[in-house]
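>>> Whatever this is, show me its structure:
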Amino acid sequence: MALVSGSLLFGGITSLPARAVAQEEGGFGTGPFLASSPVEQIARDIERAQSLRRVKDLQYTFAQYGEYGLWADMASLFASNAEYIDGDTTIRGQEAIRGHFLRQFGGGRNGLVVGQLRNQMFYAPVVTLSVDGGSATGRWTELTMTGTMNGRADWSGGMQVNDYVKEDGVWKISRMRVIPQFAGPYETGWFTPTANTPLVPYHYTPGLAGRPVPIESGDADRTPRNIPLADLEQTVAAMNAEDQVRNLQNIYGYYQDRKMWDDVTDLFTSDGVLEIAGVGVYDGVAGIRRALERDGPAGLQRGQINDQIQLHTVITIDPNGVEAQGRGLQLGMLTPELGVGQWQVSTFVNRYVLQDGKWRIREMRIYPKMKADYYEGWHRSSIVDPVPTGAAAPDRASPASNSPQLSPVIPAFFTNPVTRQAPSYPTGFRIVGDDRLVPGPVVPAVVETARTEDQRVAEARRRLDVSKAYDAVENISSTFGYYLDDWKWDEFVQNMAVDGTRPQGAGFYVGREHLYRAMLESHLAPWSESNPLDGIRLHLRIQPVIDVTPDARSAKIRTRMFLYFANSTRAGAWNSGMYPNDTAVLEEGVWKMRVGGVIDETYFNSSSYAEGWARSRPRGAVTPGAPRQASRNGNPISFAPDIPWSLYADYRRRNFSTTNYPDIKPMWFAYRNPISGRTPEYYCPDILTCFGP
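The predicted structure is shown next:
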């Protein structure tokens, strides 16, 4: 793959010094500029806005390299004098970091052997840029799965709070701080090391999360000069396209969850192709539908779970503006029938095309890395999907030698974002997925519209604000979960709009004062040294679909609720659900949550680590011998909600009250199918108006 992951014009990623806190107030994307012309002003703003994206791409690329044991390329993402801090261990310098990765992660060898897993996943980013535009800081939650077939398997995880810097014009990691919070072997699950889990300090305030690109012009030397306006317009168009393609990929995952096969196939072009390595290649919409139905007919049946979590998606937009590529991770938590639990880890390498103004999937290539029985573990079980025959047979072969689960192959990477070279693949491995399954698209002729320079700059700035909003909204969405986990109620309500609302107890509380009182009363005293956190309870908001209005003033947010928890006496376990109806608004230049945490309720939950998600137990049942965690929330609230749940009786009747796993709970959507316009069965564009009287 020849495309460079990142900007068409600017390379880079950045990191946040404390002085950025001063940028709490003021307009979003407005203010004094050192640049001398409107074109230079927007060039500067484009570069700074792109920095946030390149930070996230750098972190995701780090994870992708680690998944296939490319230790040298992982280390190449660090600055020359960088630090890697893992608990009490500090490694300084890029070369020392490379050696550490080779020894610690690779056992002295490059690459991973067939049957070896190193799946380091990063969730819920909050990334902020420094005032001068030369550095950034990002907060991430980490969960890592490691192991070797017929060996051992382990869990580990915690937080990372990392710094990034622009060195010699290229964005790099300057400090990676790994903050371990839990670990354990697969057989027993993970535990926290002590009864008290320290809170991880925040590098940002609610205002910084909601406006991650400061308004000051910063360093005049960083202002790009003499870039043609047409090139700037192309770059902004590419940023908008990144948003749309990322939404498309995440929407694909949600449709997979529910086996919404009609909606999945809608996302492909008519000549689209799906390859599942080791299974086969399926051509066209009819072929893709046959491939999907290998997992059964449309719609989840009682006892089934088909969660397909989309992670680490790195998008590149071709300079022609009509083609894109995406590479990422798909984590499957599967139950084909009640009582059967399976893990699945795959790499996807996709091509997308712009047709009739909409981005569609043209090539999807799935490379299985691991599939295993939950109750045995990925070190004791390897489930290999067979090549189907009969009606489900593929149109073309994809041999087992193309599957990383079975053979020493690596799905092709994009160009290294730091070295701008192809990655250094380990010897003995073959590269797959770097060819086309269908010919490249025809690039239509560009028809120019007569506009003045001022009109062009104004339109470019409007479109830039839409993409800046996308990143700000992802920040405040992630921060909503972090503040909730840490019971930071002052910060929690400051992350909400003036008229912000969320459900708690008997209904919705509206406005910061009522939200604060409701959260404080319904929970015990906030975490502190005298009231320490007794484990981890993470409300991770991942796989976002963010729809920003054209005026960049409001947005809809759909996220997956990926909740896991553990303490020092009880192993970690999972809940899964959705936040399908959240919204955000731009308020005095800062993005805020307006409707937050409106959940479809959990779709499944683990009663214990040993039982996993696939073995149903009555609600509230406790596994024999397992200690019950004391409830630290759900206390009664002394005053009535502003919007009682009784006004949403129909919603609660259909969604909350009557259906629990192993029956299939309805899933609500706030958007129609982005390609076909198909309306989902459970459609609610605005929860505050959908179900009321």
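>>> going forward, measure contacts and count neighbours with C-alpha atoms only.
Will do.
>>> Give the next helix or strand downstream of the helix or strand bottoming out on mean pLDDT in the chain.
Ranking every helix and strand in the chain by mean pLDDT, DSSP states H and E puts helix 649-652 at the bottom, with a mean of 65. Remark: after helix 649-652, the chain's next helix or strand is helix 687-690, criterion DSSP states H and E.
>>> Could you export that next one as PDB, keeping only the C-alpha atoms?
Presented in PDB, the C-alpha positions along helix 687-690 are these (Å, rounded to 0.1, in the frame of the first residue of the first chain):
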ATOM      1  CA  ILE A 687     -35.000  10.600  22.600                       C
ATOM      2  CA  LEU A 688     -36.400  13.700  24.200                       C
ATOM      3  CA  THR A 689     -39.200  13.800  21.600                       C
ATOM      4  CA  CYS A 690     -39.600  10.200  20.300                       C
END
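>>> Check the gap between residue 67 and residue 410 for me.
Residue 67 sits 10 Å away from residue 410, going by C-alpha to C-alpha, to the nearest Å.
>>> what does residue 479 give?
From residue 479 to residue 410 the distance is 35 Å (C-alpha to C-alpha).
>>> so who does the residue lying closest to residue 272 once chain neighbours are set aside touch?
In space, and not counting its chain neighbours, residue 272 is closest to residue 362: 4.4 Å by C-alpha to C-alpha, 6 or more residues apart in numbering. Contact partners of residue 362, counting by C-alpha atoms under 8 Å, 6 or more residues apart in numbering, are 268-269, 271-273, 350-353.
>>> Pull out the buried residues from the strand or helix carrying residue 362.
Using DSSP H and E, residue 362 sits within strand 358-373. Within strand 358-373, the residues that count as buried by 16 or more other C-alpha atoms under 10 Å are 359-373.
>>> Pull up the pairing partners for that strand, direction included.
strand 268-276 (parallel), strand 342-355 (antiparallel) (DSSP bridges).
>>> Now find how far off-centre the shortest one is within its chain.
This points to strand 268-276. Between the centre of strand 268-276 and the centre of its chain there are 24 Å (C-alpha atoms, centre = their mean, to the nearest Å).
>>> which residues touch the next helix or strand after that strand?
Proceeding N to C from strand 268-276, the next assigned helix or strand is strand 280-283, under DSSP H and E. Identification of contacts with strand 280-283 by C-alpha under 8 Å, 6+ apart yields 271-275, 288, 290-291, 387, 393-399.
>>> list the helices and strands the longest helix seen in the chain packs on?
Across the chain, the longest stretch assigned as helix under DSSP state H is helix 453-486. Under the contact criterion of 3 or more C-alpha pairs under 8 Å, 6 or more residues apart in numbering; DSSP states H and E, helix 453-486 touches helix 38-67, strand 116-129, helix 206-210, helix 229-257, helix 489-494, strand 536-548, strand 590-595.
>>> Could you say which of those is packed most deeply?
Of the helices and strands packed on helix 453-486, the one with the most neighbours on average (mean count of other C-alpha atoms under 10 Å) is strand 590-595, at a mean of 28.
>>> any weak-confidence spans in this protein?
Where the chain drops to pLDDT under 70, the residues are 1-35, 216-223, 525, 529-530, 616-634, 649-658, 691-693.
>>> now the helices and strands packed on helix 453-486 in CSV, with distance to residue 449?
Shown next, in CSV, are the helices and strands packed on helix 453-486 (distance: least, C-alpha to C-alpha, whole Å):
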stretch, distance to residue 449
helix 38-67, 19
strand 116-129, 35
helix 206-210, 35
helix 229-257, 12
helix 489-494, 43
strand 536-548, 25
strand 590-595, 33
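>>> Specify the stretch among those that is closest to residue 578.
strand 536-548 (8.6 Å; C-alpha to C-alpha).
>>> Whichever helix or strand comes after the closest one pairs with which strands?
Proceeding N to C from strand 536-548, the next assigned helix or strand is strand 554-566, under DSSP H and E. For strand 554-566, the paired strands and their directions (DSSP bridges) are strand 536-548 (antiparallel), strand 573-587 (antiparallel).
>>> Looking at these, spot the one closest to residue 115.
Ranking those by distance to residue 115, with C-alpha to C-alpha as the measure, places strand 573-587 first at 24.5 Å.
>>> Alpha carbons only: can I get the closest one in CSV?
In CSV, the C-alpha atoms belonging to strand 573-587 read as follows (Å, rounded to 0.1, in the frame of the first residue of the first chain):
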residue,chain,number,x,y,z
ALA,A,573,-16.3,-9.6,33.6
TRP,A,574,-18.2,-7.7,30.9
ASN,A,575,-21.4,-5.9,30.1
SER,A,576,-22.3,-4.8,26.6
GLY,A,577,-24.8,-2.2,25.6
MET,A,578,-25.4,1.0,23.5
TYR,A,579,-25.6,4.7,24.0
PRO,A,580,-27.6,5.2,20.8
ASN,A,581,-29.3,8.5,21.4
ASP,A,582,-26.7,10.9,22.8
THR,A,583,-26.2,14.5,21.5
ALA,A,584,-23.7,17.3,21.8
VAL,A,585,-23.9,21.0,21.3
LEU,A,586,-21.4,23.8,20.7
GLU,A,587,-21.8,26.2,23.7
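>>> How far away from the center of its chain is that strand?
Taking C-alpha atoms, centre = their mean, one finds the center of strand 573-587 at 13 Å from the center of the full chain.
>>> Likewise for stretch 604-620?
In terms of C-alpha atoms, centre = their mean, the centre of stretch 604-620 is found 25 Å from the chain centre.
>>> Same check on stretch 323-330?
With C-alpha atoms, centre = their mean as the basis, stretch 323-330 stands 13 Å off its chain's centre.
>>> List the neighbours of that stretch that are in contact with it.
Here stretch 323-330 has contacts from 64, 245, 308-318, 344-354, 413, 441, using C-alpha under 8 Å, 6+ apart.
>>> from the residues you listed, which would you call buried?
Among the contacts of stretch 323-330, those classed as buried by 16+ other C-alpha under 10 Å are 64, 245, 308-318, 344-354, 413.
>>> Is residue 384 in contact with residue 369, as I believe?
No. Contact criterion C-alpha atoms under 8 Å: residue 384 and residue 369 do not qualify, at 10.2 Å.
>>> For the nearest residue in space to residue 532 that is not next to it in sequence, which residues are in contact?
Take residue 532 and drop its neighbours on the chain: the residue closest to it by C-alpha to C-alpha, 6+ apart is residue 196, 5.7 Å away. Going by C-alpha under 8 Å, 6+ apart, residue 196 touches 532-535.
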